[in-house]
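Engineer: Okay, structure incoming, though there's no sequence with it:
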């Protein structure tokens with residue numbers, strides 16, 4: 001089957017320490033028809049991340065660097081790239097995460113097998129040193145809009161969607177970097193796609209950062225409720241119902257686990 005271009009979007013903020021490893025994991029893909037658009041979101045690192053990306057981009061024309069004029073958060077940075085993409089298939093890879101070499105090939109094959117417009121996959125969870133610290137996160141077989149209202153297993157790290165089916169989509173920039181990806185998947189599953197299918201293969205590594213779990217989770221409470229009430233406009237009672245389901249799921253995650261914002 002003829003290869004079709006995959007557009008990989010990478011927002012970068014304070015990413016100098018890991019962006020080289022992230023890029024190399026893309027260059028190692030067994031599927032070669034890709035473009036990688038990296039958006040530097042005004043990283044306060046003295047240009048170290050930009051210099052690192054330029055070093056790779058000079059040798060590999062599939063890599064493109066864009067510098068955002070102002071800090072926009074992950075939602076705005078991703079939107080800058082989404083306006084530049086040329087591929088039929090869109091996927092996201094943060095500047096500190098990595099893919100296995102078979103990621104793109106396996107996910108596109110899985111997409112054809114399921115005749116799906118959105119597929120996600122399982123992933124390792126590693127620390128800042130690249131060591132596995134938790135058991136891999138295994139995705140469910142499939143989820144729909146109602147499923148992810150209760151608990152969202154769709155990560156930007158391992159998800160690919162077909163732009164031909166889903167259409168041109170953009171992140172809600174008013175959400176900045178809190179629940180912006182969640183609102184993005186909700187919109188697609190509500191409007192265009194019945195199911196997102198989960199590939200049980202572990203195809204990537206998600207880097208957990210050692211910040212305060214309690215503080216990070218508390219920051220999610222208000223944005224999560226507002227997704228239900230203001231973004232999805234579910235009404236007060238339904239918003240409370242889905243928020244309680246989400247909160248129960250969150251409370252079951254062991255308090256010692258570090259977290260960012262995926263899978264909850």
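Structural biologist: Looks like it came in fine. Quick caveat: nothing in here was measured; it's all calculated off a predicted structure.
Engineer: Grab the longest strand from the protein for me.
Structural biologist: strand 196-207 (DSSP state E).
Engineer: Summarise which helices and strands that strand is packed against.
Structural biologist: strand 98-99, helix 103-114, strand 118-126, strand 142-143 (3 or more CB pairs under 8 Å, 6 or more residues apart in numbering; DSSP states H and E). No exception for glycine: its C-beta is placed from N, CA and C like everyone else's.
Engineer: How about residues contacting the longest one?
Structural biologist: When you say that, I think you mean helix 103-114. 1, 6, 29-31, 34, 89, 91, 116-117, 119, 121, 158, 160, 162, 197, 199, 201, 203-204 (CB atoms under 8 Å, 6 or more residues apart in numbering).
Engineer: Would you list the buried entries among these?
Structural biologist: Buried members of those, counted by 16 or more other CB atoms under 10 Å: 6, 29, 31, 34, 89, 91, 116-117, 119, 121, 158, 160, 162, 197, 199, 201, 203-204.
Engineer: Columns distance to residue 178 on top of the helices and strands packed on strand 196-207, output as a markdown table?
Structural biologist: Below are these laid out as a markdown table (distance: least, CB to CB, whole Å):
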| stretch | distance to residue 178 |
| --- | --- |
| strand 98-99 | 24 |
| helix 103-114 | 26 |
| strand 118-126 | 20 |
| strand 142-143 | 21 |
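Engineer: For these, please prepare CSV with the additional fields distance to residue 230 and mean pLDDT.
Structural biologist: CSV is the format used below for the helices and strands packed on strand 196-207 (distance: least, CB to CB, whole Å; pLDDT from 0 to 100):
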stretch, distance to residue 230, mean pLDDT
strand 98-99, 34, 98
helix 103-114, 32, 98
strand 118-126, 24, 97
strand 142-143, 23, 98
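Engineer: So for residue 21, which of the ones you listed sits nearest?
Structural biologist: strand 98-99 (5.9 Å; CB to CB).
Engineer: Pairing partners for that closest one, with directions?
Structural biologist: Strand 98-99 has these partner strands in its sheet, going by DSSP bridges: strand 196-207 (antiparallel).
Engineer: what angle separates the partner strand from helix 103-114?
Structural biologist: Counting by axes from the mean of the first three to the mean of the last three CA atoms, to 10 degrees, strand 196-207 lies at 170 degrees to helix 103-114.
Engineer: and the angle from strand 196-207 to strand 118-126?
Structural biologist: Using the same axes, to 10 degrees: strand 196-207 against strand 118-126 is 30 degrees.
Engineer: Just the mean pLDDT for the longest helix belonging to the chain, thanks.
Structural biologist: In terms of residue count, the longest helix belonging to the chain (DSSP state H) is helix 236-251. Helix 236-251 comes out with an average pLDDT of 92.
Engineer: For the stretch 51-200 of the chain, which segments are assigned as strands?
Structural biologist: 63-67, 89-92, 98-99, 118-126, 132-137, 142-143, 160-162, 196-207 (DSSP state E, counting those that start in this stretch).
Engineer: Tell me which of those lies nearest to residue 43.
Structural biologist: Short answer: strand 63-67, nearest of the strands of the stretch 51-200 of the chain by CB to CB, at 9.3 Å.
Engineer: Note down every partner strand of the closest one and its orientation.
Structural biologist: By DSSP bridges, strand 63-67 pairs with strand 34-40 (parallel).
Engineer: Need phi/psi at the nearest residue to residue 133 once chain neighbours are set aside.
Structural biologist: Spatially, and ignoring its direct neighbours in sequence, residue 133 is nearest to residue 127 (4.8 Å; CB to CB, 6 or more residues apart in numbering). Recorded main-chain torsions at residue 127 are phi -100, psi -170, according to degrees, to the nearest 10.
Engineer: wait, isn't residue 127 in contact with residue 208?
Structural biologist: Yes. Checked against CB atoms under 8 Å, the pair residue 127 and residue 208 is within contact range at 6.0 Å.
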